[in-house]
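Student: need a 3D model of the following:
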Amino acid sequence: MSMNVLVFDIETIPDVASGRQLYGNPTEMAKLSDEDVGRVMSHHRYQETDGQSEMLRLHLQRVVAISAVLRSGDHFKVWSLGEAESSEQELIHRFFEGLQRYKPVLVSWNGSGFDLPVLHYRALLHGVQAPLYWTTDNVPDGHFRWNNYLNRYHERHLDLMDVLSGYQGRAFAPLDQIASLLGFPGKMGMSGQKVWDTYLEKGLQGVEEIRNYCETDVLNTYLIFLRFELIRGHLTPDSYTQECQRVRESLKAEQKPHLSEFLDAWKEQVPLMTDK
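Tutor: Now for the predicted structure:
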């Protein structure tokens, strides 16, 4: 690939510090456990939506993991930013620092509706600067006025769920199901609904598990992205197969249990149409 591509995904938990500040008497809220504060926040959201949802508003979600796939030149890498003990501020700083350095095309699944708005609010909270990300004007080495990260119809951020659905909410599809349909592993033992419970139960060890899960999500997203590049003619069937093989070889070389499990579960069986 001639361009730098960064596929990303985040995992979040309730921002209980803000919950203690916003809901009820701060002195009384300070006496509650994080788990109980989370319950209070979910209850408020349930009431706010007339019983339709307990999912917290995006500005009340704290980032505990950011995972990425970087494809640059002949280089392929999957990893989670920072360490399990890294602060939210450090994770967000590293994310935007990477954008400043590589100027990649961002790729996500529902990044426009979830990941990026969360990162916007949390960057605002922590004062994390990201001048290149926010620019919509020309810069010396590019033309961000005509193609930037913020415009929905530009391609510096490609939200695969958004594009494949034709920007129709009723046509949105879950990452797990699309990955599985294409022969990719999909979810393996954890989901976003389990992140908070895992964090509460296991602490830093739980964060490691969350980071590993997040890495498998970005791998699924990257593999779907390769299929998208195939159907829009940016990859030939042969180059698509080569890119997939690059991923397989990289995961095998890492020798990490969760990546080996992903590799073992990857049994792509969807045939490709080739020229006759």
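
Student: rest of the way, CA atoms for contacts and neighbours
Tutor: Noted.

Student: could I get the full set of helices for the stretch 51-200 of the chain?
Tutor: 88-102, 116-126, 131-134, 160-164, 175-181, 195-231 (DSSP state H, counting those that start in this stretch).

Student: quick one: list the elements packing against the longest one.
Tutor: I take that to be helix 195-231. Judged by 3 or more Cα pairs under 8 Å, 6 or more residues apart in numbering; DSSP states H and E, the packing partners of helix 195-231 are strand 5-14, strand 61-72, strand 75-80, strand 105-108, helix 175-181, helix 237-254, helix 257-265.

Student: list of residues touching the longest one?
Tutor: Going back to what we said before, that points to helix 237-254. By Cα atoms under 8 Å, 6 or more residues apart in numbering, the list of residues contacting helix 237-254 from outside reads 76, 77, 223, 226, 227, 230, 259, 260, 263, 272, 273, 274.

Student: number of residues surrounding the first one?
Tutor: For residue 76, the number of neighbouring residues by other Cα atoms under 10 Å comes to 16.

Student: so it bridges to which residues?
Tutor: For residue 76, the beta-bridge partners are residue 71 (DSSP bridges).

Student: residue 7 is in contact with that one, correct?
Tutor: No. Contact criterion Cα atoms under 8 Å: residue 76 and residue 7 do not qualify, at 11.2 Å.

Student: between those two, what contacts are shared?
Tutor: Joint contacts of residue 76 and residue 7 (Cα under 8 Å, 6+ apart) are 69, 70.

Student: on that earlier part again, who wins for neighbours among the contacts of helix 237-254?
Tutor: In those, the most neighbours by other Cα under 10 Å go to residue 259, 22 neighbours.

Student: these two touch, right, that residue and residue 218?
Tutor: No. Using Cα under 8 Å, residue 259 is not in contact with residue 218; the gap is 11.6 Å.

Student: export the helices of the stretch 51-200 of the chain as JSON lines, with columns for mean pLDDT and distance to residue 44.
Tutor: Putting the helices of the stretch 51-200 of the chain into JSON lines (pLDDT from 0 to 100; distance: least, Cα to Cα, whole Å) gives the following:
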{"stretch": "helix 88-102", "mean pLDDT": "96", "distance to residue 44": "24"}
{"stretch": "helix 116-126", "mean pLDDT": "98", "distance to residue 44": "19"}
{"stretch": "helix 131-134", "mean pLDDT": "92", "distance to residue 44": "32"}
{"stretch": "helix 160-164", "mean pLDDT": "96", "distance to residue 44": "29"}
{"stretch": "helix 175-181", "mean pLDDT": "96", "distance to residue 44": "28"}
{"stretch": "helix 195-231", "mean pLDDT": "97", "distance to residue 44": "17"}
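
Student: same list (these) but as TSV, adding distance to residue 50.
Tutor: TSV is the format used below for the helices of the stretch 51-200 of the chain (distance: least, Cα to Cα, whole Å):
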stretch	distance to residue 50
helix 88-102	31
helix 116-126	23
helix 131-134	35
helix 160-164	27
helix 175-181	28
helix 195-231	23
